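J.: give me coordinates for this.
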Amino acid sequence: MTVTEAAAERLIRIGEVARGADVSVRAVRYYEEQGLLTAERSPSGQRLYRKDAIPLVRFFQQMFAAGLSSRRITELLPCWDSGHTDAEQRAMLRAERDRIQAKVDDLQAALDRLDEVIAITDTHP
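T.: Below is the predicted model of the structure:
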């Protein structure tokens, strides 16, 4: 969709989104290709995004880092957009939370073990 010049002034360019979210421009394009993000086009064809694209891209980064697929993130978007969920969405959110908590617990156990090894080796020259 092409926007007028006046409307384009209220939107931000892809580089601004990337800098604001601390990701590459390529990552922003990937999110668009995956259907996670929508861009409008300036009269000259440049991608333009709403300013709320920055926190949304940060959310994508967090969810990808937590192991969610782009398909699963797409399922979460209505919750993000509306702030409301139905019972099925809440169940999915809780399942993802439980999965992520299990990963955190595993990582904490590994960290604790490393601390033990460090403490033991610190006593030896």
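J.: quick check: phi and psi at residue 99.
T.: Note on residue 99: its backbone torsions stand at phi -60, psi -40 [degrees, to the nearest 10].
J.: excluding chain neighbours, what is closest to it?
T.: Leaving aside its sequence neighbours, residue 99 sits nearest to residue 67 (CB to CB, 6 or more residues apart in numbering; 7.3 Å). C-beta: built from backbone N, CA, C; applies to glycine.
J.: tell me how far that neighbour lies from residue 96.
T.: Applying CB to CB, to the nearest Å, the value for residue 67 to residue 96 is 9 Å.
J.: now residue 42
T.: Per CB to CB, residue 42 is found 36 Å from residue 96.
J.: where are the low-confidence patches of the protein?
T.: Applying pLDDT under 70 to the chain flags residues 1-9.
J.: for it, which segments count as helices?
T.: Counting by DSSP state H, the chain has helices at residues 5-8, 14-21, 25-33, 53-65, 70-82, 87-122.
J.: does anything pack onto the second one? Which helices or strands?
T.: If I follow you right, that is helix 14-21. If you count contacts as 3 or more CB pairs under 8 Å, 6 or more residues apart in numbering; DSSP states H and E, helix 14-21 packs onto helix 25-33, strand 47-49, helix 53-65.
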